[in-house]
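S.K.: could you work out the structure for the sequence below:
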Amino acid sequence: MAETPRPHGHLSLRSRTNSTSCFPLNLTHDLVYDFALRFDTQIKKCLDTCDHQDISDLIPIIVQTLSSLDDHINDLTECRKKKDALQEKVKTQSAANKQIKEELKIERHAHQDTILQGDTHILELTEEKRVMEEECKTLKQNISIEKSNIQTLNKRICDLSSETARTTIENNNLKESIITLRSRLNVLEEKLKEKSISDIQQIGPKTSLLKRSFVTHPKTIHILGDSNVRGLGATVTQRCSNKLRFLTSCVPGGGLCQINQAAFISQPVPGDLIILHAGTNDICQTDWTTIKQSLESFIARYSHCSIVVFTVPPRYDLPHLNKHINRFNTLLKYAVRDASNVKLIITKRLISPKLFKADGLHYNDQGKDKMARKILSLLQDIPTVPDSPPSFSQLNRHHDDDDDDHDSSTSSFFLM
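M.R.: Below you'll find the model as predicted:
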């Protein structure tokens, strides 16, 4: 076996003992060198006592063994150093890895918080989106409803515009008719002035058939009407000194068609007085033909009684209805003018705005007091049909008064 080269600074057995050694070795490891030194001493002792040749044969084997042992120990030392270096490196790397793990853990927690915040934000945005979608859906529905309402209003406006145009044409035609009738009345009046008194006397007996007297002192007064007559009988009773019986039948929200035989508390008998105050709820609601038929039937049924009809009072809550009220009152006047047992009272001349409640529709206490005084004045002086027919000039003046009671620009009742 070839001798293994020794590193620099190796130890020589000879140089250490300063004597002749049995082992020509260059050992580097201290432990091996000490072992070789002790072994060399023992070999020398053996050589002194034993056969020199036999011992000499063992020396190469021992030298080779010691050299191998020294080499192995050196290798082990190098491996240990490398191991220690690797362990130190591993320790350093482990510390670095631990630090990296800590940093990654911190970053992980930070990222988890960010993810949680992001998830929360996403949930909030999702909820806001849902709410916005609901609001958008509701707005679309409202827009659809508003569009439908606008279309309905536009259609209503078109209908009203057409009706206004038609009414304007009718008004113009009525104005022309009134002018024509007035001209004819003037001509007839001139012709009547030229007639003799004997001709007028011949007309007298015919007109006398229309003459009918009212009962000047009735015992029972029936007050029928809408909510404006509520409590009116009690107010009249407080002001009346005579022993009269006042029966008030109030039909709230009722019109002239609802004032019928069933409305009376006690059925009228000949000589009774009937006060009729209704019609406000018929404006723009009931067809005039129906109202006229109901009124004529009522007057015919109670022809044995005196009847006082109050016209519909003006509306101060809805002033735009007053033109329809004026038309209604004009039709009402002409509907009852031929009935000899009926007297028409123009309510507008009797009641002023200050006699209404704040709603502009119902009479206040002062208004009902004014109505009560008017009814009492009728009891003292119930009119009768004139003994002779009025002249055409009187009719003409009466017609002029009628024009003051209604809007001259209108021609007929709204639902006529």
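S.K.: and for the closest residue to residue 27 other than its chain neighbours, the neighbour number?
M.R.: The shortest distance from residue 27 to any non-neighbouring residue, by CB to CB, 6 or more residues apart in numbering, is to residue 33 (4.3 Å). (C-beta placed from N, C-alpha, C; glycine too.) By other CB atoms under 10 Å, the residues close to residue 33 number 20.
S.K.: in the helix or strand harbouring residue 33, which residues are buried?
M.R.: Taking DSSP states H and E as the definition, one finds residue 33 inside helix 30-49. Under the neighbour-count criterion of 16 or more other CB atoms under 10 Å, helix 30-49 has 32, 33, 36, 37, 40, 43 buried.
S.K.: again with stretch 290-306
M.R.: 291, 292, 294, 295, 298, 299, 302, 305, 306.
S.K.: which one of those residues is nearest residue 64?
M.R.: In terms of CB to CB, no member of the buried residues of stretch 290-306 lies closer to residue 64 than residue 291, at 150.5 Å.
S.K.: I'd say the closest one and residue 285 touch.
M.R.: No: in this structure residue 291 lies outside contact range of residue 285 using CB atoms under 8 Å: 9.9 Å.
S.K.: who touches both of these two?
M.R.: Residues touching both residue 291 and residue 285 (CB atoms under 8 Å, 6 or more residues apart in numbering) are residue 255.
S.K.: report the contact partners of residue 273.
M.R.: 215, 218, 220, 221, 222, 305, 306, 307, 308, 378, 379, 382.
S.K.: pull the number of nearby residues for the fifth one.
M.R.: Around residue 222 sit 25 other residues, with neighbours defined as other CB under 10 Å.
S.K.: and if you look at the one 10 residues further on?
M.R.: Around residue 232 there are 23 other residues, counting by other CB under 10 Å.
S.K.: and if you look at the one 3 residues further on?
M.R.: When neighbours are counted by other CB under 10 Å, residue 235 registers 20.
S.K.: which element, helix or strand, includes it?
M.R.: Judged by DSSP H and E, residue 235 forms part of helix 232-239.
S.K.: what is that helix packed up against?
M.R.: strand 220-225, strand 245-250, helix 365-380 (3 or more CB pairs under 8 Å, 6 or more residues apart in numbering; DSSP states H and E).
S.K.: what's the most buried one of these?
M.R.: The highest average neighbour count among the helices and strands packed on helix 232-239, using mean count of other CB atoms under 10 Å, belongs to strand 220-225 at a mean of 23.
S.K.: gap between residue 94 and residue 41?
M.R.: 49 Å (CB to CB, to the nearest Å).
S.K.: if you could redo that for residue 330, that was the one I meant.
M.R.: Counting by CB to CB, the gap from residue 330 to residue 41 is 164 Å.
S.K.: still on that earlier bit, can I get the CA coordinates of the helix holding residue 33 in PDB?
M.R.: Extracted in PDB, the C-alpha atoms of helix 30-49 (Å, rounded to 0.1, in the frame of the first residue of the first chain):
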ATOM      1  CA  ASP A  30      -2.100  13.700  18.000                       C
ATOM      2  CA  LEU A  31      -4.000  10.700  19.400                       C
ATOM      3  CA  VAL A  32      -2.600   8.400  16.700                       C
ATOM      4  CA  TYR A  33       0.800   9.800  17.200                       C
ATOM      5  CA  ASP A  34       0.700   9.100  21.000                       C
ATOM      6  CA  PHE A  35      -0.600   5.700  20.300                       C
ATOM      7  CA  ALA A  36       2.200   5.000  17.900                       C
ATOM      8  CA  LEU A  37       4.700   6.400  20.400                       C
ATOM      9  CA  ARG A  38       3.500   4.000  23.100                       C
ATOM     10  CA  PHE A  39       3.400   1.200  20.700                       C
ATOM     11  CA  ASP A  40       6.900   1.900  19.500                       C
ATOM     12  CA  THR A  41       8.200   1.700  23.100                       C
ATOM     13  CA  GLN A  42       6.500  -1.600  23.600                       C
ATOM     14  CA  ILE A  43       7.900  -2.900  20.400                       C
ATOM     15  CA  LYS A  44      11.400  -2.000  21.400                       C
ATOM     16  CA  LYS A  45      10.900  -3.900  24.700                       C
ATOM     17  CA  CYS A  46       9.700  -6.900  22.700                       C
ATOM     18  CA  LEU A  47      12.700  -6.700  20.400                       C
ATOM     19  CA  ASP A  48      15.000  -6.800  23.300                       C
ATOM     20  CA  THR A  49      13.400  -9.900  24.700                       C
END
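S.K.: now do it: distance to the chain's middle.
M.R.: 118 Å (CA atoms, centre = their mean, to the nearest Å).
S.K.: quick check: what element follows it along the chain?
M.R.: helix 52-194.
S.K.: report the mean per-residue pLDDT for that following helix.
M.R.: Taken as a whole, helix 52-194 has a mean pLDDT of 86.
S.K.: correct me, but the residue nearest to residue 27 touches residue 39?
M.R.: No: counting by CB under 8 Å, residue 33 sits too far from residue 39 to count as a contact (10.5 Å).
S.K.: so the closest residue to residue 314 other than its chain neighbours is in which element?
M.R.: Nearest non-adjacent residue to residue 314, counting by CB to CB, 6+ apart: residue 322, 5.1 Å away. Per DSSP H and E, residue 322 falls inside helix 322-336.
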